[in-house]
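Chemist: give the three-dimensional model of this entry:
(2 chains)
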2 protein chains.
Amino acid sequence: MNLTAGLRKAAAFDGDGMALSCGDIRIDRRTFVDRVARLAAVLRDLGMAAGDRVAMLALNGQPYIEFYFAVLWGGGVIVPINARFALPEMVEQLRDAGPVVLMVDAHFAGLGAELAAAAPSVRTVLHVGPGEAQGGAVAGEAAMAAVRPMDDALRGGEDLACLFYTGGTTGRSKGVMLSHRNLWANAVVTAGRFGFDERTVTLHAGPLFHLGAGARVFTTAVVGGAHVVIPRFTPQEVVEAVARHRVTTVTFVPTMLGMLLELPDLDRYDLSSLNLISYGASPMPEAVLTACLQRFPSVRFAQSYGMTELSPVATILGPEDHVADAPRRRLRSAGRPVWSAEVKVVDADDRELPCGDIGEIVVRGPMVMQGYWNKPELTAQTLRGGWMHTGDSGYFEPDGYLYVADRIKDMIISGGENIYSIEVENAVGSHPDVLQCAVIGVPDERWGERVHAVVVRRPGTAPTAEAILAHCRDLIAGYKCPRSVDIRDDALPLSSVNKVNKAELRAPFWDGRTRQVN
Amino acid sequence: MNLTAGLRKAAAFDGDGMALSCGDIRIDRRTFVDRVARLAAVLRDLGMAAGDRVAMLALNGQPYIEFYFAVLWGGGVIVPINARFALPEMVEQLRDAGPVVLMVDAHFAGLGAELAAAAPSVRTVLHVGPGEAQGGAVAGEAAMAAVRPMDDALRGGEDLACLFYTGGTTGRSKGVMLSHRNLWANAVVTAGRFGFDERTVTLHAGPLFHLGAGARVFTTAVVGGAHVVIPRFTPQEVVEAVARHRVTTVTFVPTMLGMLLELPDLDRYDLSSLNLISYGASPMPEAVLTACLQRFPSVRFAQSYGMTELSPVATILGPEDHVADAPRRRLRSAGRPVWSAEVKVVDADDRELPCGDIGEIVVRGPMVMQGYWNKPELTAQTLRGGWMHTGDSGYFEPDGYLYVADRIKDMIISGGENIYSIEVENAVGSHPDVLQCAVIGVPDERWGERVHAVVVRRPGTAPTAEAILAHCRDLIAGYKCPRSVDIRDDALPLSSVNKVNKAELRAPFWDGRTRQVN
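Modeler: Numbers count the residues shown, from 1 in each chain, chains lettered A, B, ... in the order given. Reported below is the predicted structural model:
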């Protein structure tokens, strides 16, 4: 259960093979292990003891992958800083996590000194990757050249491996404590389910400060695969990287996959190396998924459902359910529990509900987080009875497939009826003129809340609210249909992890009022 | 990391599906979990507390699989008794393990009272499966009907799960302590490597008191697959069970696979459900493997190398190396380390050796045993430096494939040269008239040891020692060739786990003398 063992094995048996590519950089496996062991030694010399936190503020790139493994190799704890946070939010995260070292790349080099001054635990700012160290930061490449590579500290099992901060769109950010065991269990179970091996080449397209992309770093490493990194997601960079590095697998959030499909010159790239596209983090509009299946007929598709607190995968809707003769309704399911997970649906008193009844999804298994950093009460509440309470509502069908109805906080209660926004979004989103949509609850004097849809129209179309409503009435019950529709050209606001930021969409409606959330 | 979670999941989602078949018995998943939870409650009522051992003396059958899961479900520790032991050996094992309950099936019902009298820790003998309880034993089926199913005790992680006794052919038997984590890690890694899922139907053909078969029980359970059990291995029973229950995978030791191929009416059975045959526990003669690949062209073959102390798999030679266009010499390799294992080859001072140099194979990872029960010094010696010392000699090739040269104790030292018996056996065994062979070291005044071959001739042939020697001289160096050949019709003696018992073959030669073993 050691997250660095895969690196050593890969280097021992295929030292010349590719470990990591990023743009024009290509690092072989032997060099990669050497760099990791050197960076670990630098961190140790800077005072990182066993269990000490080390923070990273960077765009995706070679240094980010090296940060992951070097901190673990040296016995420390990874703390990725959300690069889309505003400065005060970064300071808050640093003060909460208490890292001894703050690593920054060239993009954030100018912020290092200011952040370190505001976060008393930070003794050193370490500049990594290209560019000049600024404001008194230690120059990483020079320091790595000057040290002897250290032996792996061999932390593992229940030892804390990382703090990933979550919850940016809903109140204060929380540090999720994941152990080596947590991440290792997720890695082997995911690798096994998807058939990864040492020929796997993973494109990390999402932000590496988020576990959605981060977990795939470990899944790739445990099988001895290779990493491809792009600085930040653009559809163009994705297809260029896939074609150039013969990428075999990539994970998207649905928003990103939708953008990819809209790329005008998509067909000009050789994407034949791809054999698995997985998606997750938010539900997939059926229209996007259908288009994907048509566009990439030889690629296996899979959905992962989970959250940072679950390291992060709890259920998978596998490739076998993404084929033409699978029941179409299953495409709306989150799939079945992974080997390591027990999943059930419970009522407000934690009693298990029968199939078909909607309740809170709870999960048990070796992938469940150790807790929230510095938040014992919230930890106890979230993990009560030995089950991780996800805050998502859903139900099981008798065939064992889980359907996620909604984030409980996104559920709309109108006239006493529970309305699941994803169901309404599926209806709205299937209108041909709708490019993107989000459905939220807004205050209503009579019904408590009413259903409001925000729609981004497809370029060159001119849908009306009436047409969209008529379309919905053919698909879902009347009480679920939007009472109002806002049609716009601008993309929906996204959270730091590329989910639609419903809190931002809701804010103007609820200004000065409190929304009741169970 | 709970070994019983897979049962609950399978029952919840496919309660009517097959959990276990044995002869005419078919138990669905819902019933199976109910029986396990009841048997656990019976054991608890008989005094099994958390961490208490429960022994089982039985042939393979439904009760054996239930024993595995019920003991774990109730919080106890599995202790399978080697059913081929003589009575004094059984007593020795019971006295060492100290179980509170001894379970027996109909086959061993008559021994229960005598064993319990000799092993003071045993408070109760519990009769399981068909037949009448004897000598004061509690009748299991009646007791199970009378109790309420208990909730899973949810032991897991580092909690001790089992004591499997090993070493029958080499000195005193030792209890190998494996935790839930050990077995779970092996299960998910093996399942992932072989692509098992809930459609997997595993035939347990080897004895369930040995971890070679036992580990597959957990691998099958973790993915929600089904078990097929035959009372004991015969080639006829294997093919009948495969055809009847649509078995998808089975594990053999090479001896068993060789016997299967000799079955005269093999072609009369529908074995089309088989998609993976794995083999292990001892090296495979190339002639047998070649015959297998010809006979079962649509089946994937894989070799596992490991031992009880490794839960048990350390390396796998996968299906991709058992195809016509793979390098033929790799068929003599044990493959590459599994995802969870770090493997290296070291000299007598535990220094890592370069590729190609023969030394002791050592292994590190979450599958390494906790230790030997009641043997702290031997444990410390075997696990020194954090690596499990296998006692096997071998070497790596630069492509990362491990070659097991020999059990260190089976290596022959003749005139100062190390001779690896498996290499000689490969040469002898490739003679067309040789059905089975074993090569051992026997005392020699001049050379210390000399190479002696014991050959079982193929029915209807009459090979001579001279012909076999001439054959060997074409294949291996002269000093490795047998100096004497014993040709016989009877099968070679097997150990309790179906390996050729070389200690027994060596004994008459060494009578009264001590053989030097490093």
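
Chemist: state the distance from the residue in the stretch 251-400 of chain A that chain B sits nearest to to A:Val313.
Modeler: Nearest residue of the stretch 251-400 of chain A to chain B (CB to the nearest CB) works out as A:Gly400 at 2.9 Å. Every C-beta, even on glycine, is put in place using the N, C-alpha and C of the backbone. To A:Val313, A:Gly400 is 16 Å away according to CB to CB, to the nearest Å.

Chemist: ok, these two, which is more surrounded?
Modeler: With neighbours defined as other CB atoms under 10 Å in any protein chain shown, A:Gly400 and A:Val313 compare such that A:Val313 has more, 28 against 20.

Chemist: hang on, isn't that one packed against A:Ala215?
Modeler: Yes: assessed by CB atoms under 8 Å, A:Val313 is found in contact with A:Ala215 at 7.3 Å.

Chemist: identify the contacts common to the two.
Modeler: Residues touching both A:Val313 and A:Ala215 comprise A:186, A:190, with contact defined as CB atoms under 8 Å, 6 or more residues apart in numbering or on different chains.

Chemist: quickly list the domain ranges of chain A.
Modeler: According to automatic domain parsing, chain A comprises the domains A:5-303, A:421-510.

Chemist: which stretch among these comes nearest chain B?
Modeler: Among these, the nearest to chain B by CB to the nearest CB is domain A:5-303 (2.1 Å).

Chemist: for the record, mean pLDDT for the closest one?
Modeler: The average of the pLDDT scores along domain A:5-303 is 93.

Chemist: is any residue of it near chain B?
Modeler: Yes: using CB under 8 Å from any CB of the partner chain, domain A:5-303 reaches chain B at A:5-6, A:8-9, A:12-14, A:154, A:156-157, A:181, A:184-185, A:188-189, A:191-193, A:195, A:222-223.

Chemist: and those, which are buried?
Modeler: Of the members of these, the ones counted as buried by neighbours, 16 or more other CB atoms under 10 Å in any protein chain shown, are A:5-6, A:8-9, A:12-14, A:156, A:181, A:184-185, A:188-189, A:191-193, A:195, A:222-223.

Chemist: what does stretch A:133-145 contact?
Modeler: Here stretch A:133-145 makes contact (CB under 8 Å, 6+ apart) with A:35, A:38-39, A:42, A:45-46, A:63, A:103-104, A:109-110, A:112-114, A:124-129, A:132.

Chemist: which parts of that stretch are buried?
Modeler: Buried residues in stretch A:133-145, counted by 16+ other CB under 10 Å: A:133-135, A:137-138, A:140-141, A:143-144.

Chemist: what distance do you get for A:Gly112 to A:Pro231?
Modeler: A:Gly112 sits 19 Å away from A:Pro231, going by CB to CB.

Chemist: of these two, who's got more company?
Modeler: Higher neighbour count among A:Gly112 and A:Pro231: A:Gly112, with 24 against 15, using other CB under 10 Å.

Chemist: the more buried one reaches A:Ala106, doesn't it?
Modeler: No: at 10.9 Å, A:Gly112 and A:Ala106 do not qualify as touching, with contact defined as CB under 8 Å.

Chemist: what residues are shared contacts of these two?
Modeler: A:His127.

Chemist: mind listing what's buried in stretch A:362-378?
Modeler: Residues of stretch A:362-378 classed as buried by neighbour count (16+ other CB under 10 Å): A:362-373, A:375.

Chemist: tell me the one of these nearest B:Val428?
Modeler: If you rank the buried residues of stretch A:362-378 by distance to B:Val428 using CB to CB, A:Pro366 comes first, at 47.5 Å.

Chemist: ok, that closest one - contacts?
Modeler: Counting by CB under 8 Å, 6+ apart, A:Pro366 touches A:181-182, A:185, A:340, B:1, B:156-157, B:184.
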